[in-house]
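J.: just coords:
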């Protein structure tokens, strides 16, 4: 009986991994910050995810800055690909170590995706350079006198890696299902 439960748990875990491809593209990391008391943009990879909607939550590792998770958007549709966060939604102090979480609207502790750490800079600071901001498709373009190209966001894997991972997980889920069926018989 324990083995059957273990296989069920494994199958459920692998299925969750296969669908957990939602990624926060911006903000996050040293080059993608927000500006205090200003409108800021949240960007995620909407095309690579099966998630229909989520809650947008802000956290900070320093409890004196933000004591617990702060929901800022109750339900956001995945297909929007980005959201302008107004100063009324996220009027937060200038600090480091913030993260954005995209979570289950019914249970915000069930986090679908999380940004890298980022800063909120003082009012009047420049926004990140447009060339540092990835697109919803998962790439950004660098511009300069002699270079142009694309790069994957620092917080995630490329879409071919995600497809490869999904295929591998699907194979594992299928194999676990066959093993489960054999155990039941």
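T.: Thanks, I have the structure now. Here the structure is a predicted model, which means the values were calculated and not measured. Numbering: from 1, shown residues only.
J.: where exactly do the strands run in this protein?
T.: Secondary structure of the chain (DSSP state E): strands at 24-26, 34-35, 40-44, 53-60, 70-77, 82-85, 95-104, 107-114, 118-121, 140-143, 148-151.
J.: Break this protein down into its structural domains.
T.: Described in terms of automatic domain parsing, the domain architecture of the chain consists of the residue ranges 1-21+156-185, 24-132.
J.: what mean pLDDT does the last one have?
T.: Confidence for domain 24-132, expressed as mean pLDDT, is 95.
J.: Just the endpoints, please. Distance across that domain?
T.: Between the opening and closing residues of domain 24-132 there is a gap of 14 Å (CA to CA, to the nearest Å).
J.: any idea how far residue 105 is from residue 112?
T.: Plainly put, residue 105 is 10 Å away from residue 112 if you go by CB to CB, to the nearest Å. In short, each C-beta sits where N, CA and C put it, glycine included.
J.: okay, and the common contacts of these two?
T.: A shared contact of residue 105 and residue 112, defined by CB atoms under 8 Å, 6 or more residues apart in numbering, is any residue touching both; here these are residue 54.
J.: hang on, the earlier thing: mean neighbour count, the strands of the chain: which tops it?
T.: Mean neighbour counts were compared across the strands of the chain using mean count of other CB atoms under 10 Å; the top stretch is strand 24-26, at a mean of 27.
J.: Pull up the pairing partners for that strand, direction included.
T.: According to DSSP bridges, strand 24-26 has the following sheet partners: strand 40-44 (antiparallel).
J.: Return the angle between stretch directions for the strand it pairs with and strand 53-60.
T.: 120 degrees (axes from the mean of the first three to the mean of the last three CA atoms, to 10 degrees).
J.: and the angle from strand 40-44 to strand 95-104?
T.: Compare the direction of strand 40-44 with that of strand 95-104 by the same axes, to 10 degrees and you get 50 degrees.
J.: Which residues does strand 40-44 contact?
T.: Residues outside strand 40-44 that contact it (CB under 8 Å, 6+ apart) are 22-27, 34, 56, 78, 81-85, 90, 100, 102, 113, 133-136.
J.: rewinding a little: among the strands of the chain, which is nearest residue 127?
T.: Evaluated over the strands of the chain, closeness to residue 127 peaks at strand 34-35, with 6.1 Å, by CB to CB.
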